[in-house]
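S.K.: Here is my input; please provide its structure:
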Amino acid sequence: MKTYTVNELAHIAGVSVRALHYYDEIGLLRPAFTGENRYRYYGEDELLRLQQILIHRALDIPLKDIGAILDAPGFDRLEALQRQRERLQEQAKRYSRMVRTIDRTIARLKGDRAMKDADLYSGIVDPDKQAEYEAWLIEHHGPRMEESIEASRKTMSAMSEDERAAAMRELEAVEQGLAEGLRRGIPPQAASLAPLIERHRTWVGSAWGRACTPQAYAGLADIYEHPDFRARYETIEKGFADYLTTAMRAWARRQEG
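M.R.: Next comes the predicted model:
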């Protein structure tokens, strides 16, 4: 049976040696055995388990939950792979629709072809994911959140295409400005970030269709702990999810003082 050292497995799997050591420490991925030279060695079963760990991570499942899934008495690796393949196929179809929508929008903006307004959103919103997200918000923040979601939906629907585009450009500018603060090592609590934070709060109020008070803004930071928000912010800059929520809470506390 072919075996791999930590360095070899890290290389072929595209992960860091430190990650493999950490998986060992928390009991998520143990080596097949440790040699007399004290090297860890991994065999086929460990390679397949690591594949499952990485697939689950790619599907946004937290590490703390992956071990329970893989070690459950009824876990079947083949069945899991088949389910994951089906899920990824659905995502691939959706991404393909999104690419077509983007291509049509680019053509529309260049004046090359007409496009219905409703088609601007084809393939972008995943109804199941949106419903799951809204249910999470209501569960964690109470029934009044349902009213806020509906009000926000109406506000965004009432915007013209140009207004929505301008709003998204403003949000991108603010987020990139704050991410630059992270890159430059500016503490998220720094008062120098206040102008950007206030622009962000103003944007939120516009999306809500009502004023965003400091208290509500601090509460929004709690909402941003949702995995979908965190995943989105981490694509802007590594560590940005925590940076943004810390900056929001720090700004809100200063207003109270």
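
S.K.: Tell me which residue is most central in the chain.
M.R.: Centroid-nearest residue in the chain: residue 231, 1.5 Å away (criterion: Cα atoms, centre = their mean).

S.K.: which helices and strands sit right next to the lengthiest helix in the chain?
M.R.: Secondary structure of the chain per DSSP state H: the longest helix is helix 77-109. For helix 77-109, the packing partners by 3 or more Cβ pairs under 8 Å, 6 or more residues apart in numbering; DSSP states H and E come out as helix 44-58. C-beta here means a position set from N, CA and C on the backbone, and glycine is covered the same way.

S.K.: can we see that at 10 Å?
M.R.: helix 44-58, helix 63-71 (3 or more Cβ pairs under 10 Å, 6 or more residues apart in numbering; DSSP states H and E).

S.K.: Name the residue most distant from the centre of the protein?
M.R.: Max distance from the centre of the chain (Cα atoms, centre = their mean): residue 36, 42.4 Å.

S.K.: Show me the strands in the chain, by range?
M.R.: Counting by DSSP state E, the chain has strands at residues 4-5, 33-34, 40-42.

S.K.: so which of these comes closest to residue 73?
M.R.: strand 40-42 (23.8 Å; Cβ to Cβ).

S.K.: per the record, what domains does this structure have?
M.R.: The chain resolves into domains spanning 4-71, 87-124, 126-256 when parsed by automatic domain parsing.

S.K.: how about those in CSV, adding mean pLDDT and distance to residue 77?
M.R.: Below are the domains of the chain laid out as CSV (pLDDT from 0 to 100; distance: least, Cβ to Cβ, whole Å):
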stretch, mean pLDDT, distance to residue 77
domain 4-71, 90, 6
domain 87-124, 69, 16
domain 126-256, 81, 25
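
S.K.: can these go into TSV with extra columns for distance to residue 81?
M.R.: Formatted as TSV, the domains of the chain follow (distance: least, Cβ to Cβ, whole Å):
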stretch	distance to residue 81
domain 4-71	8
domain 87-124	10
domain 126-256	21
